[in-house]
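*Asks:* mind looking at a prediction? Sequence and model below.
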Amino acid sequence: MLLTRKAGSQAAPQRRLSRGLAGSMAKTIDRRAFLKRSGLTLGAGAVAAQLPFNMIERAEAANEKPAGKVEIKRTVCTHCSVGCAIDAVVQNGVWVRQEPVFDSPLNLGAHCAKGASIREHGITHDSHRLKEPMKLEGGKWKTISWDQAYSEISDKLLKIKKESGPDALFVVGSSKHNNEQSYLLCKWVRLWGTNNTDHQARICHSTTVAGIANTWGYGAMTNSYNDEQNSKCLLFFGSNAAEAHPVSMLHTLHAKENGCKVIVADPRFTRTAAKADKYVRARSGTDVAFLFGLLYHIFNNGWEDKEYIKARVYGMDKVREEVMAKYTPDKVQDVTGVPEQEMLEVAKTLAENRPGFIIWAMGQTQHTNGNAVVRASAVLMLALGNVGRPGGGTNIYRGHDNVQGATDIGPNPDSLPGYYGVAPGSFAHWARVWNVDLKWLQSQFAPGQMTKPGITVSRWIDAVLEKNENIDQDPNIRAVVYWGHAPNSQSRGLEMLEAMKKLDLMVVIDPYPSASAAMFAMARKDGAYLLPAATQLETSGSVTASNRSLQWREQVIEPVFNSRTDQMIMYQLAQKLGFADQLVGKKDGKQNIKLVKGKGGMEEPDIEDTLREINRGTWTIGYTGQSPERLQAHMRNMHVFDVKTLRAKGGKDAKTGYDLTGDYFGLPWPCYGTAAIKHPGSPNLYDTTKHVMDGGGNFRANFGVDKDGVNLLAEDGSHSKGAEITTGYPEFDHVLVKKLGWWDDLTEDEKKEAEGKNWKTDLSGGIQRVVMKHGCHPFGNAKARAVVWNFPDGVPLHREPLYSPRPDLIDKWPTHDDVKNLWRLPTLFKTVQQKNRDAGKQFPLILTSGRLVEYEGGGEETRSNPWLAELQQDNFVEINPKAAADRGIRDGEYVWVSTPTGAKLKVKAQVTERVGADTCFIPFHFSGWWQGQDMLPFYPDGAAPIVRGEAVNTATTYGYDRVTLMQETKTTLCQVAKA
Amino acid sequence: MARMKFLCDAERCIECNGCVTACKSEHEVPWGVNRRRVVTINDGVPGEKSISVACMHCSDAPCMAVCPVDCFYRTDDGVVLHDKDLCIGCGYCFYACPFGAPQFPQAGAFGLRGKMDKCTFCNGGPEKDRSAEEFQKYGRNRLAEGKLPACAEMCSTKALLGGDGDVIADIYRERVFKRGKGSEVWGWGTAYGPGKPAAAPSPAPKS
Amino acid sequence: MRRLVVCAAGLALAVGLVACGESEQVVVYKQGKYSGKPDGKPWDNEPLAGAKWTKGDKVSWEAEIKQRNQSQNEYKRIDQ
């Protein structure tokens, strides 16, 4: 019997939801449907803990007056690098609703599942956050006071320092910190006296930063998400934006709707691929071969932009030789699996649709030759003449909301804020900015270690476990601070557990420290402390989106529970450790950063003052013009910024009278000079079609003026619009300014400061101001380098992954030789590859990993949010129907995924053609299961996330990039068997 | 006059579930109740398409026709709502609905629940507009605030449109014109009768 | 998932009957009269901060809603 509507006998037959679906159901299974079935038991448990309908607000506000003052606080989503603005509605101090910000030129009000549910952070009923400081004692998590925690932690740290020196500490910072906190932490670690600090960028885009900066100047996304609307072709290679950066797809799909071609090349048919005009499946770990395979067709057909290459690129002829010899279509097909015809078709689309972008994320970067992969991408775009113009370039999607900012000015082992390498001159520059005595600062470090890049987050476990004589520092690591980082996002989980067993002290500072806590408690009975940090919604500060725009977050609510802001914790720990005055730049009657009253009336460093200090020192990348006042004016006047160009056509800020005309939204760095000269920011890097004071530019002169007699500077006629020097020129210092007769353009005060300085160290900003007044670029005008001669593979080279299913290709394309000392540690390449040459016999499937839209990063935060957790309740492995059938595996069953490390993961099988028959995929956001065991007993009470699952990185294998020690997580081997 | 409708553009929907959690957050919908969800067909193979589905507020709503206690009503703007005080939780509407919209929270777990719950087009229900009672039973009343449904307003790619039928048809038609394909809108005929949003244009609003 | 299977089965049954040349066997329900509480009209509320309409004036409320509706149209924001 069929029910029908009453009215009109002409009523159409019912179109059941199933009609549209019925035909397809047989052959595919929706991930959501798949997991709905599997997650019912969990749901019941979680439901019982939840309040019924619409009760949360009432519970939150129970003790408040019913109709309190309603305030709107404008903040920015803390989940990814798109930078979606949010209007938080706060009543009686409780965050009751969130409204879309249609005016934002970045997201136009749009949100993905994570952004639309971010209000959950402020909900204290049934919260899964850490609520109090805790200590592991006798195998149990015990609540302690902040004072006790500080005393015990600092006593232990000082004891370790006394016994083993400052390098026995490793501090993992966070891409979740805002710019000011990242910067303070970078300083904090140096005041302690070590370079042993790092953050998520190491394992997400370190290869990009190194590879791309060495190609043309800055290692960042060249343009913006918005600029894709000005593009004719987008090649997604190593990015699944539809899940990882969903709101960026607003710009992508708008562009596509207006004729832009979208190509996705990936080992998986991703959700992004589903929206593309063309999808190509390539074998994981063959990226250079794929990119140079495209370049082969471009050279072969004469599609390269010869004029552009002649004027702006060094070394393309050498690349061409290698490409034509080594990456012929037959060889490329053998390596990547992509037939010649498909390669040609993609190359032709790129050539016929310019300008265009190549877009990547961790799909390119997380390989043992990641630095070469990203450079091959850059070379491909250079050959097409796509870089340094609107609508074209390398759109490198960063991951976390502030991973760009933390990379720029945060805790890095090899650089001080602004990529000033850990050289004596850099320390001198920053000591001056910090108002810290340089001699004192030097004395904090162990002898000889101050100018040696520190340990990386990908390898701290080796710095604990490695034999002491093999490490390039005196002590092994004895204490680790995890300050906003998930342990399950690093590879080699089994060995991390061993490293934890050997530590003297582990401190975890995080709103959701539970994955680290549970892992540690599984390994040990004592030795760890947990400190509840506030989220970014409970403090203010600036955040740098992937497109280099800075946005200012207002504090939405006070830190909940007994949590404190990160800047307060930094200051309070510094007080205990004896460098609190240095942290805020207090010396000789001067204090850079004032102390303001934070939670409970306690003092913390002022965030705005901290940004002002950043402004005073970060000349290299133009973090100097983004004063708090300018950023706040942008946030109040988002509607004046154009979506396609990000530029304000006009407008005055009603509150301050600041004239917004000509500014690009968020003053995307570089925003050179002081705020007073009103550089508008740079929406697209190296864009010669604009004057430098309109955000234009050219490639950076950072590698000398010639190489073996070949000119490295730009050729005659190639320069940014309006430059008074119409050919290539080196970077500016006081000598060059004088030679050009521009010295007297400086004011007397500027001259005093600029004497003997260059554009990076002149704290007056006079050199930058005068150079730009003459239309020139402070960092010079040079060619991009297709050959990066200072890297192991000057011309990017395909090298088989350490764990490859193809021994024959290991012989033809072997990996690097082992390296005795890389970032203070011995690093293996050939030894591991040879030892595992035939691993494919026992582990015949390629294992790769990636993101899901509902979760983010290590996932503890998002898996603690019931609105998200409900959508994805189990971890799973995607396996092709053929591979599944061969193993007798059915959809939805538990399976064991094992890898050559000996680890075994218990996950559900999702049988799908999304992956090819040779490949498996596991998302990386899960933790809380350990080789089949639920770790619930090891979590602090009430701080376990709702959804727990097997972490893929428990089973990932050894492998690091030859330049940056990026971990290899995108290509390893596995076997799958019925559980 | 305004006639409220939903439209999901399958060429744009990326199954990000922004609509789902926007709804959860705005109305504080408990675990297990899904006023809106995203359905994907051809998952993982070429032709994969996703659609966000909730109550479509049909012109001629089957739920209204089958309800034994007549708890449904249609507002002047075409929004289909119901009175939870009357609802007996029988489930007929669930079987009648072509979109699977009505939800039935497990009785017992939620005290007074067991009553049917569904998308209200962010228009609350038969309690005083914007009151605590309305919020508790039906969720927020955005229409009474001059706003539109949270799911559509926050959609990551603006695939889900919600609002006046003429306006969203115009928005959609402009896209179809630009991309030259995709005039079929899933569910539109079922919910609102003959007439396609892109093929049979209504006059553009002058604004 | 279970629901989809149920639906699909119903559909198959209906199609099967049609194929036999019989007319659709359906029960026609008559729409009843709403017997619940009366509900207010959106325009009978005071506009909140940021929104503009005259309390009680449907036309002005509709104008506000139509204006707001354009925020779902990125072409509008892009071309402004």
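*Replies:* That came through fine.

*Asks:* give me the number of residues near A:Asp706?
*Replies:* 11 (other C-beta atoms under 10 Å in any protein chain shown). The C-beta positions use only the backbone N, C-alpha and C, and glycine is treated the same way.

*Asks:* repeat for A:Pro814
*Replies:* The burial count for A:Pro814: 15, using other C-beta under 10 Å.

*Asks:* before we move on, what about the one 3 residues further on?
*Replies:* Here the count is done by other C-beta under 10 Å, and A:Asp817 has 12 residues near it.

*Asks:* how about the secondary structure of the residue in the stretch 751-900 of chain A that chain C sits nearest to?
*Replies:* For the stretch 751-900 of chain A, the residue closest to chain C is A:Gly892, as judged by C-beta to the nearest C-beta, at 10.2 Å. Taking DSSP: H, G, I helix; E, B strand; the rest coil as the rule, one finds A:Gly892 in the coil state.

*Asks:* the longest helix along chain B - contacts with which helices or strands?
*Replies:* Looking across chain B with DSSP state H, the single longest helix is helix B:165-179. Other elements packing on helix B:165-179 under the criterion 3 or more C-beta pairs under 8 Å, 6 or more residues apart in numbering or on different chains; DSSP states H and E are helix A:248-257, strand B:4-8, strand B:160-164, helix C:58-69.

*Asks:* of the ones you listed, which approaches C:Lys33 most closely?
*Replies:* strand B:4-8 (22.0 Å; C-beta to C-beta).

*Asks:* listing partners with orientation, what would you give for the closest one?
*Replies:* If you go by DSSP bridges, strand B:4-8 pairs up with strand B:160-164 (antiparallel).

*Asks:* just the C-alphas of the strand it pairs with, formatted as CSV.
*Replies:* The C-alpha trace of strand B:160-164 is given here as CSV (Å, rounded to 0.1, in the frame of the first residue of the first chain):
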residue,chain,number,x,y,z
LEU,B,160,21.9,24.7,-0.1
LEU,B,161,19.5,27.6,-0.7
GLY,B,162,16.7,28.4,1.6
GLY,B,163,14.2,31.2,1.4
ASP,B,164,11.6,32.7,-0.8
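
*Asks:* which residues does that strand contact?
*Replies:* Taking contacts as C-beta atoms under 8 Å, 6 or more residues apart in numbering or on different chains, the residues outside strand B:160-164 that touch it are B:2-9, B:13, B:19, B:52, B:121, B:148-149, B:151-153, B:155, B:168, B:171-172, C:62, C:65-66, C:68-69, C:72.

*Asks:* re the thing from before, which stretch among the helices and strands packed on helix B:165-179 comes nearest A:Ala943?
*Replies:* Per C-beta to C-beta, nearest to A:Ala943 of the helices and strands packed on helix B:165-179: helix A:248-257, 32.3 Å.

*Asks:* mind giving me the packing neighbours of whichever helix or strand comes after the closest one?
*Replies:* Using DSSP states H and E, the helix or strand that follows helix A:248-257 towards the C-terminus is strand A:261-265. The contact analysis (3+ C-beta pairs under 8 Å, 6+ apart) places strand A:261-265 against strand A:233-237, helix A:248-257, strand A:278-280, helix A:340-352.

*Asks:* now the angle from strand A:261-265 to helix A:340-352?
*Replies:* Between strand A:261-265 and helix A:340-352, the angle comes out at 140 degrees (axes from the mean of the first three to the mean of the last three C-alpha atoms, to 10 degrees).

*Asks:* what helices and strands are in contact with the helix or strand where A:Ala88 lies?
*Replies:* For A:Ala88, the host element (DSSP H and E) is strand A:85-91. In this structure, strand A:85-91 makes packing contacts with strand A:70-76, strand A:94-100, judged by 3+ C-beta pairs under 8 Å, 6+ apart.
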